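[1] could you work out the structure for the sequence below:
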Amino acid sequence: MGYESWVELSHLMRLDADPEVIGVPSQPFRLSWRSGGGRRRIRHTPNYFVRRRDGRAVVLDVRPDELVEPEDAAKFTATAVACARVGWSYKRVGVIDPVQAANLRWLSGYRHPRIRRELVAECLRAAFTQPQGLLAGVRAVGDPIAVLPVLFHLRWRRELAVDLVGERLSAATVVHPAPVAAREVGSDASTSAASVAG
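    Here you go, the predicted structure:
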């Protein structure tokens, strides 16, 4: 999957971790138009086309707020209009929360199915039927060196839940069961992961 900045990479990780996202091609198309009868042709290529599980489409441009020049803003507006005409949503997004970005970066290292050990996963789900601190629950299951990777994998797959925005993951982070809807979708999250990973 292509990205041209750390900001774009953070959004790709966010999309990859979202079980509602099933596909994300980069630079999916180029728009070209003339503005106000001018001779100069204006072109714009959005960063991503996001296909959601329910069939909806979102065209995404990634640009930090402080880097949006007037010419860029005009391109984003024209792109939003073009997307609306074909029934797609459009968003221009900036820098994501740094705590969320750090947590996603960490968890993305545990996304691959090879990390999953089903017996450990079952024990972790049982240990966290009631919310408790991350390390306490992990120690109840076994050696943290063997158990933590599986816990991080389960969080990536949304089989367990933690707050990714409020604080960086730590031994004290409260882990709790994922909502039922997230678990059901999370069981098919490999589709999303494969789509984003290319």
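
[2] over to the closest residue to Arg105 other than its chain neighbours. Which of the three states is it?
    Leaving aside its chain neighbours, Arg105 sits nearest to Met13 (6.5 Å; criterion: CB to CB, 6 or more residues apart in numbering). Yep, even glycine has a C-beta here, placed from its N, CA and C like the rest. At Met13, secondary structure determined by DSSP: H, G, I helix; E, B strand; the rest coil is helix.

[3] for the spatially most central residue of the chain, what are its contacts?
    With distances taken as CA atoms, centre = their mean, Arg14 lies nearest the centre of the chain, 1.8 Å away. Going by CB atoms under 8 Å, 6 or more residues apart in numbering, Arg14 touches Ile96, Gln100, Leu104.

[4] what sits against the first one?
    It refers to Ile96. With contact set as CB under 8 Å, 6+ apart, Ile96 has these partners: Val7, Ser10, His11, Arg14.

[5] most neighbours out of these, which is it?
    For the contacts of Ile96, the largest number of neighbours (other CB atoms under 10 Å) sits with His11, at 24 neighbours.

[6] next one: it from Leu31, what distance?
    His11 sits 20 Å away from Leu31, going by CB to CB, to the nearest Å.

[7] can you check Asn47 too?
    Distance, Asn47 to Leu31, by CB to CB: 13 Å.

[8] equivalent analysis for Ala121, please.
    According to CB to CB, Ala121 and Leu31 sit 45 Å apart.

[9] any idea how far Val165 lies from Leu151?
    From Val165 to Leu151 the distance is 19 Å (CB to CB).

[10] all strands for this structure, in order.
    In the chain, the strands defined using DSSP state E lie at 21-23, 31-34, 41-44, 48-52, 57-62, 89-93, 132-133, 160-161, 174-177.

[11] wait, which of these is closest to Arg117?
    Among those, the nearest to Arg117 by CB to CB is strand 160-161 (14.5 Å).

[12] just checking, what packs against the closest one?
    helix 144-156, strand 174-177 (3 or more CB pairs under 8 Å, 6 or more residues apart in numbering; DSSP states H and E).

[13] circling back: which ones among the contacts of Arg14 map onto helices?
    Mapping these onto helices (DSSP state H) picks out Gln100, Leu104.

[14] brilliant, that's me finished.
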